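Asks: Here's a sequence, model it:
(one chain, ligands or ions: 1)
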Amino acid sequence: MNATAAVRPMEAADVERVVAIETEAFTSPWSAETFETLLGRDGAELWVLDLPDAPVVGYAMLWCILDQGELANIAIAAEWRGRSLGAFLLDRVLEVARDRGVRSLYLEVRESNAVARHLYGSRGFIEVGRRADYYDHPREDARVLLKQF
Ligand SMILES: CC(C)(COP(=O)(O)OP(=O)(O)OC[C@H]1O[C@@H](n2cnc3c(N)ncnc32)[C@H](O)[C@@H]1OP(=O)(O)O)[C@@H](O)C(=O)NCCC(=O)NCCS
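Replies: Next up, the predicted model:
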């Protein structure tokens, strides 16, 4: 399946579908206005994952500032999870970060998010900190992870 998956820059026309995925993935989702504001903003990298018969099954957002980056958001539509698409998208996004000169890429992840933590660990992220009560709905600590290139 991944041979036919493709990652491309997000466009304004993708935002409605992205927000639908965002809303099913997160309890405090970003709004369409947030994505629209980020599109074209310096340092913001927004990418979507297309399948041949299913456009926009996932997306990711990165901040890149000089040699520092943050993976601020990544999600795959619920019906497409568990088919290596998240790993495929993350790998492409890591290439984007590296190509922009990022040497240290940070992210936060819910303690209970075993799938995401497993995925990040498999891509070389290590835990460098914790933020108490970082998340709401439900309240939960974040693990801070770092990947160095
Ligand atoms: C996290 C997320 C992007 C991963 O995408 P995905 O397409 O479901 O994941 P993949 O199929 O690429 O699998 C990645 C790894 O997790 C494992 N995995 C996937 N689903 C799993 C499950 N339900 N239980 C246990 N492991 C699972 C896979 O086996 C794979 O590991 P492996 O390479 O060692 O076999 C996706 O689950 C998602 O959108 N979740 C909701 C949003 C979210 O939590 N984003 C991250 C915020 S920090």
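Asks: right, is the longest strand anywhere in the chain up against the ligand?
Replies: For the chain, the strand with the greatest residue count under DSSP state E is strand 54-65. No - using Cβ under 6 Å from any ligand atom, we find that strand 54-65 stays clear of the ligand, coming within 6.7 Å at best. Every residue, glycine included, has its C-beta placed from N, CA and C.
Asks: ok, now stretch 68-83?
Replies: Yes - counting by Cβ under 6 Å from any ligand atom, the ligand has neighbours in stretch 68-83: 74-76, 81-83.
Asks: Could you export these to JSON lines, including columns for pLDDT and neighbour count?
Replies: Below are the residues of stretch 68-83 next to the ligand laid out as JSON lines (pLDDT from 0 to 100; neighbours: other Cβ atoms under 10 Å):
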{"residue": "74", "pLDDT": "98", "neighbour count": "22"}
{"residue": "75", "pLDDT": "98", "neighbour count": "23"}
{"residue": "76", "pLDDT": "98", "neighbour count": "24"}
{"residue": "81", "pLDDT": "98", "neighbour count": "15"}
{"residue": "82", "pLDDT": "97", "neighbour count": "10"}
{"residue": "83", "pLDDT": "96", "neighbour count": "15"}
